[in-house]
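> coords please:
(one chain, ligands or ions: 1)
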Amino acid sequence: MQPYLILFLGAPGAGKGTQSSLLAEKLQFPRIETSKLLEERFKKAQPGEQIEIDGTKYLLEEQKERWRTGLLVEVPVVVRVVGEHLQKLYREGESVVLDGFPRTNEQMKRLLPTVLEAFGKKRILVLYIDIEEETAVFRNSHRRICELMRHPILYLPETKGLSLCPFDGSKLATRELDEPEVIKKRLRVFHEETLPLLDYFKDQGIAVYTIGGEGSVADVFESITEAITQAMQT
Ligand SMILES: [Zn+2]
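Next comes the predicted model:
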């Protein structure tokens, strides 16, 4: 099978992380989580470390601060970090599920030549998970992750009293990214910068599948599986 690139778009809290993990597991595709990739890169950064792209030097500490406060990391830096992973996986013959990228037209324009050359238009599938703004705010402000593996813990009657991760026993914490002020900023960025991408993909002849994201994890996943199965048959 020729490798596929599957992209997930949606507001913070739409369930991109959960659904892309499930899909990657079901299809046995590796999954790239952009925020985790960046976080790992920033953690490894030496004080004062810079990366040079097209003659411009980017200070990693500065990029980390943008990321931490809910602003977008500068485009060339994200594209460099993500692009290298995509190329590596494509060379290994792997399909990829990508979560959290691209977030803007500018990012996608920069990345497009690479992914078109590798995967091709017909093998790039975009899943847009659509939710209401109130749902986004509620889900983000109630979300927790574990300290050890960053397992996301959904807010459900069965899980709301938990203080330890059910998988590994480490402590559950709220992310800085999910503080109310940061959530608002992230939602604004989503509307202004990410949503216009849907039209951009359509203009490029790349298929976009809109999935209703208000239902349970299982219901949303079923819709996604249906859309993907159909797309891969055509
Ligand atoms: Zn855990």
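
> okay, CA-based contacts and neighbour counts for the rest of this
OK.

> Now do the phi/psi pair for the residue positioned nearest the centre of the chain.
Geometric centre of the chain, nearest residue: Gly100, 1.8 Å, by CA atoms, centre = their mean. Dihedral angles of Gly100 (phi, psi; degrees, to the nearest 10) stand at phi 90, psi 10.

> Pull the contacting residues for the residue lying closest to it once chain neighbours are set aside.
Distances taken as CA to CA, 6 or more residues apart in numbering place Thr34 nearest to Gly100, at 5.4 Å, with adjacent residues excluded. Residues near Thr34 by CA atoms under 8 Å, 6 or more residues apart in numbering: Val82, Leu98, Asp99, Gly100, Phe101.

> Including distance to Glu92, secondary structure and pLDDT, could these go into CSV?
Supplementary listing: the contacts of Thr34 in CSV, determined by distance: CA to CA, whole Å; DSSP: H, G, I helix; E, B strand; the rest coil; pLDDT from 0 to 100:
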residue, distance to Glu92, secondary structure, pLDDT
Val82, 16, helix, 89
Leu98, 16, strand, 92
Asp99, 20, strand, 84
Gly100, 22, coil, 76
Phe101, 21, coil, 83
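
> now the helices for this structure?
Secondary structure of the chain (DSSP state H): helices located at 16-27, 34-44, 60-68, 75-91, 105-118, 133-141, 180-189, 197-203, 217-233.

> May I see these organised as a markdown table, with distance to Ser163 added?
Shown next, in a markdown table, are the helices of the chain (distance: least, CA to CA, whole Å):
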| stretch | distance to Ser163 |
| --- | --- |
| helix 16-27 | 20 |
| helix 34-44 | 23 |
| helix 60-68 | 24 |
| helix 75-91 | 33 |
| helix 105-118 | 38 |
| helix 133-141 | 16 |
| helix 180-189 | 21 |
| helix 197-203 | 38 |
| helix 217-233 | 22 |
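
> wait, which of those helices is closest to the ion?
Smallest distance to the ion across the helices of the chain (CA to the ion): 13.8 Å, for helix 16-27.

> Going by neighbour count, list what's buried in the closest one.
Using 16 or more other CA atoms under 10 Å as the test for burial, helix 16-27 gives Lys16, Gly17, Thr18, Gln19, Ser20, Ser21, Leu22, Leu23, Ala24.

> what's that helix packed up against?
strand 5-10, strand 31-33, strand 96-99, helix 217-233 (3 or more CA pairs under 8 Å, 6 or more residues apart in numbering; DSSP states H and E).

> how far does the second one sit from the chain's center?
Relative to the chain's own centre, strand 31-33 is displaced by 7 Å; criterion: CA atoms, centre = their mean, to the nearest Å.

> what does stretch 85-93 give?
With CA atoms, centre = their mean as the basis, stretch 85-93 stands 18 Å off its chain's centre.

> What lies in contact with that stretch?
Gln2, Pro3, Ser95, Val96, Thr114, Val115, Ala118, Phe119.

> Would you check which pair of these lies furthest apart?
Gln2 and Thr114 (16.0 Å; CA to CA).

> More neighbours: which of the two?
Using other CA atoms under 10 Å as the criterion, Gln2 and Thr114 rank with Thr114 on top: 15 against 10.

> quick one, what contacts the more buried one?
Here Thr114 is in contact with Gly83, Gln87 (criterion: CA under 8 Å, 6+ apart).

> Mind pulling the model confidence for it?
Listed pLDDT for Thr114 reads 83.

> Then Asp168?
pLDDT, Asp168: 97.

> Could you measure from the closest residue to it other than its chain neighbours over to the ion?
Leaving out its chain neighbours, the residue that sits closest to Asp168 by CA to CA, 6+ apart is Leu148, at 7.7 Å. Distance, Leu148 to the ion, using CA to the ion, to the nearest Å: 6 Å.
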